[in-house]
Every structure is written in C-alpha cells, then in structure tokens.
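# what's the 3D shape of this:
(chains A and B)
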Amino acid sequence: MKKWEDIFKDKMEGFEEPLPESVFTEFQARLNGAAVPPAPKRLRWGWALIPAVAAGLAVFLLPRHLQTPVTDGEVTGTHSVEVVNTEPDFIAEATTAEVVVPPARKSAKPVAVATEVTLVAEPVETSAELEEESHDDTLPVVNDVTDEKEAPTIDNVSPLVPDKAKGRTTRIVDIVPAAGIIGGGGLVAALAAPYLSRHEGFDNNKFSDPGPDMATEPNPQIPEYNQVKDELIGRPHHNLPLKVGISTRIPVSGRFGLTTGIEYSMYSSTFTYTISGDKKQIAHYVGIPVRLDWTFISTGWLDAYVGAGVLGDLCVGATFAGNKIKRDGLAVSLLGAGGVQFNVARNVGLYLEPELSWTIPSDAQVLRTYRSDHKGMFSVSGGLRINLGK
Amino acid sequence: MYCSRGDRMAENELYRRYAVRLNMLCKRYVVDDDEAKDLMLETLIKALEKIGTYEYRGNGSLYSWISRIAINNALNRIRRNRGRIVSLEDLWMNDNIPEPIEDEVANIPEEKILEWISRLPDLRRGVFNLYCIDGYSHQEISQMLGISVTGSTSALAKARKQLKKEIRRYLNGQDK
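Model prediction:
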C-alpha cells in the first residue's frame, strides 16, 4: 500500500494548470531584453528607515543633552532654588537675623532647630521684604509677570524635582498602576488602570510647604500670611500620560525581532498655589523605544511575545501656566513587556501590550511630572504594528 | 544545442515544453501565484543563459537540470524570508493523528493538496517539497537550506503532522 506522501508526490508531478498567453508574451519580452517588471515594493527596508533615522537622531542628541547644563537659573539640575525646607522659613532662619512672624503664627508648628531665632512681635513684613529674606530657601512670592520682556523668572517655573544633594530619599521602585494611551497609527486606545498604591517617599510637604498644617489647612486667622506667600499646596495632580506612536517590528533571527518606532508623550500636571491657585504644566516628549522581543507562540493569526529594552524620551517643549519654560532633560527608561498581536493581514497586526517601565534617575530631569513622581510605571498599550519581513 | 545558439524557435520550444511543469513546481515552493510565475520565467531565462553548461544524461535530464535551477532560486527566496516567525502550532497539535490510507488520499483533488502545501511555513514547505516530492535526502536538504540534518528531519516531521491534520479535516468534511 502506498504511503500518503507518495500519493501526494504522484499527484503533484502530474498536476498541471495551463498558463495564459500573457506569460508567454512576457517570456519573449524578457528574452528580448525588456526590463524585468519591478518586484512588488516591499515595506521592509523602506519602513526600517524610520526607526533607523530615529535611532540615529537619538544617538546624535543623547550626548548633547546629557552634557547640557541648564544654566539660566530657571530650571536647573543644580537647583539653585533650594526648595527643600522642612520648616517655615520665616521662623527657622538659622541665622541671627530677626524673623518677623505674624502674631498668629505663634500657634504654628514650633521650631526645633534654630536656637538663635528671636521671635519679634512686629507687623507683618511686606511682600518685597519677605521675598528678599526667603530668596534662598523657598519659592519666592509670586508676582504677576506682566512684562513679557522680562527674563522668565522663577515665579513661572514649575516646582522642581528636589535636589538629590539634599539627601531626599525616595523609593526607587514604586510600581504604580498607571495607564497610557498609545494609538499606533491613530488607532486603538489603551486601557486605564486605577491609581492604587501610594507614593510615600516623595512628600511634597518636605520641600515646598511650610508645614502640613499650613499647607493643607491655611489658618483663616492669619489671612495675611496666605496672601504673602504663594506656596504650593499639597501634592500636584498629575494627569495620566498620553502617548501616541507608531511601531514596527524588524525580524532578527528565528523568533527574535526588534520592535521600535516613535512615540509622542504628553505629561500634564496641575499645581495648586495658595494665592495664584491652579497652574498647569504641560511637557511634551518624543521617544524612541527599542525592544528585543521573543515570540513564543505564533500561529497564522496570533502571536504572543515577551521583550525587554530601553526607551529614550526627549522633551521637545514644556509650558507652565501658559509660559514656555526650560525643557526637561533626556529620560531613559528600562522596559519590560509582554503582549499579544492579532495579525489582520500579512504585514499588519493589532497588538495589546502590558508594559513595565522604570525611569533611570538623572539630574538632567528637572521637571516634576507623573514620571518623576513615579519612577516605575505599569501601563497597557495597544495599537497598530507593521511587521517587516513577513 | 539550438538554444545555445540563440535560436528563438528553440527557446520558444523550451518554454512550451517545460513552462507549465516548472510553474507548478514553483507554486509548491512559493506561496504567491505571481511570485511563482516570476520565478518560473526567471528560471527559464537563467537556464537559457547557462544552457552551454548542460550535459545530456538521458531522457528527462534537461528537465531535472532546469528544475534544479528553479529549486535553487526558490530556496534563495525562502532564505531571504527566513525572518518570518516559526510557527509553534504543533505545541498543541494532536500528535496521534492516524496515517491516512491510500484510498482516503487518492480522491483528494490536486488543488487541495497544493493549497495545503502552500499553507506550510516556509521552512517546512521547502523541506517537504524537497524530500517527499523532489526526492532529495536530508543531507542534501541541509546543505541546500543551510540547516542541520536534525533540523531538516524535524521540519519534515512537523510538515507531515500539519498535512495529516489537513487531510483529516478534509475527510471529516470540515474543509470542503
């Protein structure tokens, strides 16, 4: 009895389908030296140029931004504005200078540090005087900046990430469920996840508030104090990051592929001040993720994979209260992801990807955003992916 | 001989005799019909260019020589596309599929068989064609494809499993 493979062989060898006359015509044309019709354009190398160019830009820009000192004092990695102060500044002047305290301030949190402080019952200082005193220790009194010709002052600068030299301790890895919205090619939004864990090591009160009671419960008995100091109240409200991008996967070998692309992110935050109220900071980033993926399941319509890589995010613009501020530095994050991809066509798939990322701390990052407050992030992204080489 | 002299009638005769068979061979190796046609024409042109190197070795040797050129061209394309993800479908594929018997397979249309072969991943399709239909050994296949003999054996086993599954589905009426 014949094996089924042998029957297949016999059938295939005897199977013929007639060719149309046009094929013979094309054969003759080729014999006559006619140009071979161009092969169908492949997306492969053309699309690979996009991440290649993006990676090249990153390599070019990375050294520049790592070395770029932010020197104009607006937003600086060296933190010329020392915002870390655990005590109300108008009380804890650790010098022999007189400190003027509004009468009702005596009921505030007592100072435990300055032994030379003399409490003097004098009228409340004017704004200008307090501004001069507090120059080195706190955010200055906010003045309305009406003259656009003035160099941007610290008044218009959003609260900075506290200087690491101050010994602030933060939890390096604080996985906070978050959400991002990534639409590949304009498609598909990601899932949102509730904010679950608390971020304990980063106490806003430690660096920008005179004290928790003053920050959260302004004393109505001393309205003069509240009017004098325009200080940050409580924690900033960070909106969930918005991300949009396009992604492509380049096969490397076997089951390994390089996933890369270009990603735009927007981080917006609201800071509430005692006097000026809410102020909004918006920072725009363009990033290039590069990730090596291993596909462990692949059928005709479904791929499942895991991968690890890096993401470089460059701040391309930032505003605070509508005014341009110095841009943030380069942010580099480590990525770990897993996902599934539904192949709707030979080269195109829709993907869903939970991803863990951890932003490497850097002095170059000076804006306080969702990412600076949450080094570790969990996000779920989805979108459209172009598969090269399929 | 006439082909080597550029005799156009001889060249056309070459096309008339072998184009259809070559086209079917190419369709077994590449998935796309247009690509198969392009591969066939490329093979004939190349065969005419190298006709001076052909040595007659009996009946059928010319077709064997030309088909070897076609297979090499097809395998070059397969190697270029090797980045395609290897399917792991056999992870959960039933390993105990009974061998189809002769009577069952005899009535399967050729178009169906060709369709099933084209559904195989590139490597498995190449190995199955080379081993089962074109009669190459695993040693030769490993050299032609740049893989190990073990890899060739494994790819053939997976291809057989996948085709048996297609046969079963067809015989059970699931794929008419």
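
# give me phi/psi at B:G52?
With angles defined as degrees, to the nearest 10, B:G52 sits at phi -70, psi -20.

# Name the SS class of B:R68, please.
For B:R68, the secondary structure call by DSSP: H, G, I helix; E, B strand; the rest coil comes out as helix.

# show me what contacts it?
Contacts for B:R68 were tallied using C-beta atoms under 8 Å, 6 or more residues apart in numbering or on different chains; there are none. All C-beta spots, glycine's among them, are computed from the backbone N, C-alpha and C.

# name the element A:T248 belongs to?
In this structure, A:T248 sits in strand A:242-253 according to DSSP states H and E.

# Which strands and helices lie in contact with that strand?
Using 3 or more C-beta pairs under 8 Å, 6 or more residues apart in numbering or on different chains; DSSP states H and E as the contact criterion, the secondary-structure elements in contact with strand A:242-253 are helix A:43-67, strand A:181-184, strand A:256-273, strand A:277-298, strand A:376-387.

# in the third one, what counts as buried?
What that stands for is strand A:256-273. Across strand A:256-273, burial judged by 16 or more other C-beta atoms under 10 Å in any protein chain shown covers A:257-269, A:271, A:273.

# Among those, name the ones that also lie close to chain B.
Checking these against chain B by C-beta under 8 Å from any C-beta of the partner chain, the ones in range are A:G257.

# just curious, which of the buried residues of strand A:256-273 is nearest to chain B?
A:G257 (7.7 Å; C-beta to the nearest C-beta).

# I'd assumed A:P251 was in contact with that closest one.
Yes. With contact defined as C-beta atoms under 8 Å, A:G257 counts as touching A:P251 (5.0 Å).

# residue contacts, the closest residue to B:Y136 other than its chain neighbours?
Counting by C-beta to C-beta, 6 or more residues apart in numbering or on different chains, the nearest residue to B:Y136 once its immediate chain neighbours are dropped is B:L130, at 4.3 Å. Residues counted as contacts of B:L130 (C-beta under 8 Å, 6+ apart) are B:71, B:136, B:140-141, B:144-145.

# go again using 10 Å as the cut-off
Residues in contact with B:L130, defined by C-beta atoms under 10 Å, 6 or more residues apart in numbering or on different chains, are B:29, B:71, B:74-75, B:136-138, B:140-141, B:144-145, B:152, B:156.

# Quickly note the distance from it to chain A.
For B:L130, the distance to chain A (C-beta to the nearest C-beta, to the nearest Å) stands at 12 Å.

# ok, that residue to B:V31 distance?
According to C-beta to C-beta, to the nearest Å, B:L130 stands 16 Å off from B:V31.

# With B:W116 instead?
When distances are taken as C-beta to C-beta, B:W116 and B:V31 turn out to be 12 Å apart.

# any residues in contact with both of those two?
Counting by C-beta under 10 Å, 6+ apart, the contacts common to B:W116 and B:V31 are B:R125.

# Next, count neighbours for whatever residue of chain A ends up closest to chain B.
Taking C-beta to the nearest C-beta as the measure, the point where chain A comes nearest chain B is A:P251, at 2.8 Å. Residue crowding around A:P251 was assessed by other C-beta atoms under 10 Å in any protein chain shown; the count is 20.

# And B:I51, by the same measure?
Residue crowding around B:I51 was assessed by other C-beta under 10 Å; the count is 20.

# and if you look at the one 3 residues further on?
By the measure other C-beta under 10 Å, the count of residues near B:Y54 is 15.

# Setting aside sequence neighbours, what's the nearest residue to it?
Distance criterion C-beta to C-beta, 6+ apart; nearest residue to B:Y54, sequence neighbours excluded, is B:W65 at 5.5 Å.

# any idea of the pLDDT on A:E217?
At A:E217, the model reports a pLDDT of 48.

# same deal with A:N387?
The model reports A:N387 with a pLDDT of 72.

# same question, A:A104
You'll see A:A104 listed with a pLDDT of 42.

# Ok, A:T259 next?
The score at A:T259 is 88. That number is its pLDDT.

# For it, give me its contacts.
Taking C-beta under 10 Å, 6+ apart as the criterion, A:T259 is in contact with A:51, A:247-250, A:289-293, A:305, A:307, A:309, A:335, A:337, A:339, A:351, A:353, A:385, A:387.

# ok so, going back, for the buried residues of strand A:256-273, which one is nearest A:I7?
Of all those, the one with the least separation from A:I7 (C-beta to C-beta) is A:G257, at 38.3 Å.

# May I have the beta-bridge partners of the closest one?
A:G257 has these beta-bridge partners by DSSP bridges: A:P251, A:D293.

# does it really touch A:V306, like I thought?
No. Taking contacts as C-beta atoms under 10 Å, A:G257 lies outside contact range of A:V306: 11.6 Å.

# Just say helix, strand or coil for A:S333.
Following three-state DSSP, A:S333 is assigned to strand.

# List the beta-bridge partners for it.
With DSSP bridges as the rule, A:S333 is bridged to A:L311, A:T359.

# can you count the residues close to it?
Burial of A:S333 is recorded as 21 neighbouring residues (other C-beta under 10 Å).

# now swap in B:P98 and tell me
Here the count is done by other C-beta under 10 Å, and B:P98 has 9 residues near it.

# Then it would be within a strand, right?
No. The secondary structure assignment for B:P98 gives coil rather than a strand, going by three-state DSSP.

# gap between it and A:F8?
As it turns out, when the distance is counted by C-beta to C-beta, B:P98 lies 17 Å from A:F8.

# surely B:L48 meets B:E13?
No. With contact defined as C-beta under 10 Å, B:L48 does not count as touching B:E13 (11.4 Å).

# Which one of the two is surrounded by more residues?
The residue with the greater number of neighbours, taking B:L48 and B:E13 and applying other C-beta under 10 Å, is B:L48; the counts read 19 against 13.

# From start to finish, how long is stretch B:26-36 in a straight line?
Taking C-alpha to C-alpha, to the nearest Å, the first and last residues of stretch B:26-36 lie 5 Å apart.

# I'd like to know the average pLDDT value across it.
When the per-residue pLDDT values of stretch B:26-36 are averaged, the result is 89.

# Could you pull out the residues contacting both of A:G257 and A:V306?
Both A:G257 and A:V306 are in contact with A:291-295, where contact means C-beta under 10 Å, 6+ apart.

# could these go into TSV alongside pLDDT and neighbour count?
As requested, those are arranged in TSV below (pLDDT from 0 to 100; neighbours: other C-beta atoms under 10 Å in any protein chain shown):
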residue	pLDDT	neighbour count
A:R291	93	23
A:L292	93	14
A:D293	90	23
A:W294	88	14
A:T295	83	21
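
# can you name the two of the residues you listed that are farthest apart?
The most widely separated members of these are A:R291 and A:T295, with 12.5 Å between them, by C-beta to C-beta.

# any shared contact partners between these two?
Here A:R291 and A:T295 share the contacting residues A:249, A:257, A:305-307, scored by C-beta under 10 Å, 6+ apart.

# Buried ones among these?
When burial is judged by neighbour count using 16+ other C-beta under 10 Å, the buried members of the shared contacts of A:R291 and A:T295 are A:249, A:257, A:305, A:307.

# Looking at those residues, which is nearest A:K280?
Distance ranking of these against A:K280, using C-beta to C-beta, places A:G307 first at 35.0 Å.

# and the closest one, that one's in a strand?
Yes. Secondary structure assignment (three-state DSSP) places A:G307 inside a strand.

# Just give the closest residue to it, not the sequence neighbours.
With sequence-adjacent residues excluded and distances taken as C-beta to C-beta, 6+ apart, A:G307 is closest to A:D293, at 3.5 Å.
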